[in-house]
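Peer 1: here is my input, please return the structure:
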Amino acid sequence: MELRPILSTLRRHKTAAALIVLEIALSCAIICNAVFLIRERLNRIDMPSGVAEKEMVVISITGIGTDQNAQALTREDLAAMRAIPGVTAVAAANQVPFGNSSWNSGISLTPEQTESTLGATTYMDSGELREALGVTLVGGRDFSPDEYVDDMPGQGFGSLKFGTTIITKAMAEKLYPGKSAVGQTLYLGDNRPVTVIGVVDTLVRPYFGPKELVPDFSMILPLRMSYEAGYYVLRTTPEQRERVIKDAVKVLEKNSPNRIILDQKTQEQIRTEFFQQDRSMAWLLIAVCIALLVVTALGIVGLASFWVQQRTKQIGVRRALGATRGQVLRYFQTENFLLATLGIVIGMIGAYGINQLLMSSYELPRLPALYLPVGALVLWALGQLSVLGPARRAAAVPPAVATRSV
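Peer 2: Prediction:
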């Protein structure tokens, strides 16, 4: 098709053409980054936790005042809950995955390091924590009975005499690339040497903010915490979870009425609540993308309809000179394609600029190049579909009607 008449027409309608180009450019720049952010949010929501979420129930508990017999009462609680029908493992824990509150420690490879190699969250194992969580051991061994120590309230973490740990595979690969982590020594934040005796596949942090790029740096320490630490974790079959929660609450209330049960949930409920903000943000971004696409489509339809009305005589003359309906249709589609292409090129530059700003301000990853051509195809298709209606109406105008006043 001859482009000279199209370019000539666009030069005579610079303002309208510029508005459509700008609208498409803004849509391209925003939608490419919005879709990328949606994908990042969905990946975050679907991240593996490493635990048996469908089999876990968590009860949050706290004491009233100071309990001198907290360790003994914790052992009684664990024994009583272990006897509940359907319970396969139970443990006292200082934290749970997606629990929004995290115990952390800096990890170094030598005691002389002034800065930590990485930061890891620390799960305290009362004896069955790995089994209660359903975490898979992929290397080394579990803790032996003589490696466990009891937490002593008031003495401080630094006075405890444990010397072994189990870490995640991601943490092992970061600390000891290309080597086995089992048997290696690492140092906690107080320069305490701890020997790695086992490696688990995945165990997610209880909390990780938007700037925490590796949520799987976790370690387990053989430290028996009392119920005052906050959580009891029970593992059962999915269909028995609700009944097990009720039975466990009854057991805890019977063992000691001088405690407060703060919460009782399945691990799936905890996960859902943890990612509620991410889910809401994803839906908001989806709504923004849809709104931008609708506004862009309406703008193209409106401009195309206006141009069809303004060019009725021109169309009639072309038809009278032998132009077919298909040629008139292709004229408007080509015109729209040129405007969309210019807008998309500008929009891609804008998308890259927005991504650079997000990277520097919020430490987001780089926008993959694949999103740009995909966004271009979507906007090209949207432009062609939007202009199709007005173009078909233009092509359907009879030459006699279009040229009646010529």
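Peer 1: setting aside sequence neighbours, what's the nearest residue to the spatially most central residue of the chain?
Peer 2: Geometric centre of the chain, nearest residue: Arg44, 2.1 Å, by CA atoms, centre = their mean. Nearest residue to Arg44, sequence neighbours excluded (CB to CB, 6 or more residues apart in numbering): Asp278, at 5.6 Å. Where C-beta positions appear, they are placed from N, C-alpha and C, glycine not excepted.
Peer 1: where does pLDDT dip in the stretch 201-350 of the chain?
Peer 2: By pLDDT under 70, the weakly predicted segments of the stretch 201-350 of the chain are 209-213, 319.
Peer 1: show me where it has helices.
Peer 2: 241-255, 267-274, 276-310, 312-320, 325-362 (DSSP state H, counting those that start in this stretch).
Peer 1: tabulate those (a markdown table), appending mean neighbour count and distance to Arg224.
Peer 2: Shown next, in a markdown table, are those (neighbours: other CB atoms under 10 Å; distance: least, CB to CB, whole Å):
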| stretch | mean neighbour count | distance to Arg224 |
| --- | --- | --- |
| helix 241-255 | 17 | 17 |
| helix 267-274 | 18 | 22 |
| helix 276-310 | 16 | 33 |
| helix 312-320 | 18 | 85 |
| helix 325-362 | 18 | 40 |
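Peer 1: out of these, flag the one nearest Arg392.
Peer 2: Of all these, helix 325-362 sits nearest to Arg392, with 6.4 Å by CB to CB.
Peer 1: list the buried ones in the very next helix or strand once past that closest one?
Peer 2: Downstream of helix 325-362, the first helix or strand assigned by DSSP states H and E is helix 371-395. Residues of helix 371-395 classed as buried by neighbour count (16 or more other CB atoms under 10 Å): 371-372, 375-376, 378-380, 382-384, 386-388, 390-391, 394-395.
Peer 1: ok, and what's touching helix 371-395?
Peer 2: Contacts of helix 371-395 with the rest of the structure, by CB atoms under 8 Å, 6 or more residues apart in numbering, involve 24, 27-28, 31-32, 35-36, 293, 296-298, 300-301, 304-305, 307-308, 311, 315, 325-326, 328-329, 331-333, 335-337, 339-341, 343-344, 347-348, 351.
Peer 1: let's see that with 6 Å instead.
Peer 2: Outside helix 371-395, the residues that touch it by CB atoms under 6 Å, 6 or more residues apart in numbering are 24, 28, 31-32, 36, 297, 300-301, 304-305, 308, 315, 325, 328-329, 332-333, 336, 340, 344, 348.
Peer 1: let me see the mean pLDDT of it.
Peer 2: The pLDDT scores in helix 371-395 average 87.
Peer 1: between that helix and helix 325-362, how big is the angle?
Peer 2: 150 degrees (axes from the mean of the first three to the mean of the last three CA atoms, to 10 degrees).
Peer 1: please tell me how far Gly50 sits from Val251.
Peer 2: Distance of Gly50 to Val251, given as CB to CB, to the nearest Å: 28 Å.
Peer 1: repeat that for Pro193.
Peer 2: Distance of Pro193 to Val251, given as CB to CB: 39 Å.
Peer 1: again, but for Met219
Peer 2: Met219 sits at a distance of 30 Å from Val251 (criterion: CB to CB).
Peer 1: helices along the stretch 1-150 of the chain, start to end?
Peer 2: Counting by DSSP H, counting those that start in this stretch, one finds helices in the stretch 1-150 of the chain at the ranges 4-12, 14-45, 70-82, 129-133.
Peer 1: single out the most deeply packed of those.
Peer 2: Mean neighbour count, computed with mean count of other CB atoms under 10 Å, is highest for helix 129-133 among those, reaching a mean of 25.
Peer 1: elements contacting that one?
Peer 2: strand 89-93 (3 or more CB pairs under 6 Å, 6 or more residues apart in numbering; DSSP states H and E).
Peer 1: relative to helix 70-82, how tilted is the strand it packs on?
Peer 2: Going by the same axes, to 10 degrees, strand 89-93 makes 150 degrees with helix 70-82.
Peer 1: who does strand 89-93 pair up with?
Peer 2: Paired neighbours of strand 89-93 in the sheet (DSSP bridges): strand 231-235 (antiparallel).
Peer 1: chain center to the partner strand, what's the gap?
Peer 2: 26 Å (CA atoms, centre = their mean, to the nearest Å).
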